[in-house]
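# Next input, structure requested:
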Amino acid sequence: MYNFNEGHVLIIASALFLLVGCYAVLFSAFLPLTGIYLLDILAQDTHYKYFVVLVVPMTVYFVIANWVGWQYYRNS
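As a prediction, the model looks like this:
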């Protein structure tokens, strides 16, 4: 039996987020509705599907920039 740890869960969650984000932003405009409630809501939305996909990288950037600033402050 294969043993999952936190790294495997993180990679799987990242891949799922990437697939759902790609579907919401790129593929939903060209494909018909799927019948899956969540994916159909993402396909019909015109504004917030972009917001959700862009919030994650901006949050990561903000956290890293704050951490670097804090390191400069502590080490000066």
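
# Let me know the helix or strand that the nearest residue to Phe17 once chain neighbours are set aside is in.
Using Cβ to Cβ, 6 or more residues apart in numbering and skipping residues adjacent in sequence, the residue nearest Phe17 is Val56, 7.3 Å away. Placement of C-beta: from N, CA and C, glycine included. Per DSSP states H and E: Val56 is located in helix 48-74.

# Give the other helices and strands that that helix contacts.
Packed against helix 48-74, as judged by 3 or more Cβ pairs under 8 Å, 6 or more residues apart in numbering; DSSP states H and E, are the following elements: helix 6-25.

# Work out the gap between the helix or strand following the helix it packs on and the centre of the chain.
Downstream of helix 6-25, the first helix or strand assigned by DSSP H and E is helix 37-44. A distance of 16 Å separates the centroid of the chain from that of helix 37-44, by Cα atoms, centre = their mean, to the nearest Å.

# Check which helices and strands helix 37-44 sits against.
Using 3+ Cβ pairs under 8 Å, 6+ apart, helix 37-44 sits against helix 6-25.

# Over to Asn75: give its phi and psi.
Per-residue torsions, Asn75: phi -100, psi 10 (degrees, to the nearest 10).

# How many residues are close by it?
A count of nearby residues for Asn75, using other Cβ atoms under 10 Å, gives 6.

# From Trp67, how far off is it?
Relative to Trp67, Asn75 is positioned 12 Å away (Cβ to Cβ, to the nearest Å).
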